[in-house]
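**Student:** Predicted model, plus sequence, below.
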Amino acid sequence: VTKGVADVVYGSRFMGGNPHRVLFFWHTIGNKFLTFMSNMLTNLNLTDMETCYKLVDTKILQSLKLKENKFGFEPEVTGKLARIPGIRIYEVGISYYGRTYREGKKIGWKDGFRALYCIFKY
């Protein structure tokens, strides 16, 4: 983004090459399903739509008029970014050290349904 090559950069936990803590199996399956559904509806080929690491050009981010404030945020941002003509979206591998529920992980199965709803909504 700073070099003018990309407008948006997603950090992917699944691109390999970087260390990461082993994720919960069902969370990984859920993430891949949500990413697949998002990719189908946005015509993108992301590996990790649900990543919290996104770098977005300030002007573009301010133009999005975001509404979601929980686990629907990622699908909303992705859906709205994908509709911008000519947008340049890149992905890079990231290091990821996921938390257990005891350590503060917050997402549950209900959040997956909210994310799926937002994929279709936005």
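**Tutor:** All right, it came through fine.
**Student:** Residue 89 bridge partners, please.
**Tutor:** Residue 89 has these beta-bridge partners by DSSP bridges: residue 8.
**Student:** these two touch, right, residue 105 and residue 99?
**Tutor:** Yes: when contacts are counted by C-beta atoms under 8 Å, residue 105 is listed as touching residue 99 (4.4 Å). Using the backbone N, CA and C atoms, a C-beta is placed for each residue, glycine as well.
**Student:** now this structure, which segments are flagged as low pLDDT?
**Tutor:** Applying pLDDT under 70 to the predicted model, the residue ranges of the chain that meet it are 17-23, 101.
**Student:** what's the offset of stretch 41-52 from the middle of its chain?
**Tutor:** 6 Å (C-alpha atoms, centre = their mean, to the nearest Å).
**Student:** which other residues reach that stretch?
**Tutor:** When contacts are defined by C-beta atoms under 8 Å, 6 or more residues apart in numbering, stretch 41-52 is touched by residues 10-15, 31, 34-35, 38-39, 74-75, 78-79, 82-83, 89, 91, 94, 115, 119-120.
**Student:** Can you get me the start-to-end distance on stretch 71-89?
**Tutor:** The separation between the terminal residues of stretch 71-89, taken as C-alpha to C-alpha, to the nearest Å, is 21 Å.
**Student:** would you say residue 10 is within a helix?
**Tutor:** No: using DSSP: H, G, I helix; E, B strand; the rest coil, the assignment for residue 10 is strand, not a helix.
**Student:** ok, it - contacts?
**Tutor:** Neighbours of residue 10 in contact, by C-beta under 8 Å, 6+ apart: 46, 48-49, 51, 53-54, 89-92.
**Student:** The nearest residue to it once chain neighbours are set aside: how many residues sit nearby?
**Tutor:** Of all residues beyond its chain neighbours, the one nearest residue 10 is residue 91 (4.7 Å), with distances taken as C-beta to C-beta, 6 or more residues apart in numbering. Counted with other C-beta atoms under 10 Å, the neighbours of residue 91 add up to 19.
**Student:** how distant is stretch 27-35 from the center of its chain?
**Tutor:** On the basis of C-alpha atoms, centre = their mean, stretch 27-35 sits 11 Å off its chain's mean C-alpha point.
**Student:** for this protein, what spans make up the helices?
**Tutor:** Secondary structure of the chain by DSSP state H: the helices cover 25-42, 58-63, 73-82, 109-121.
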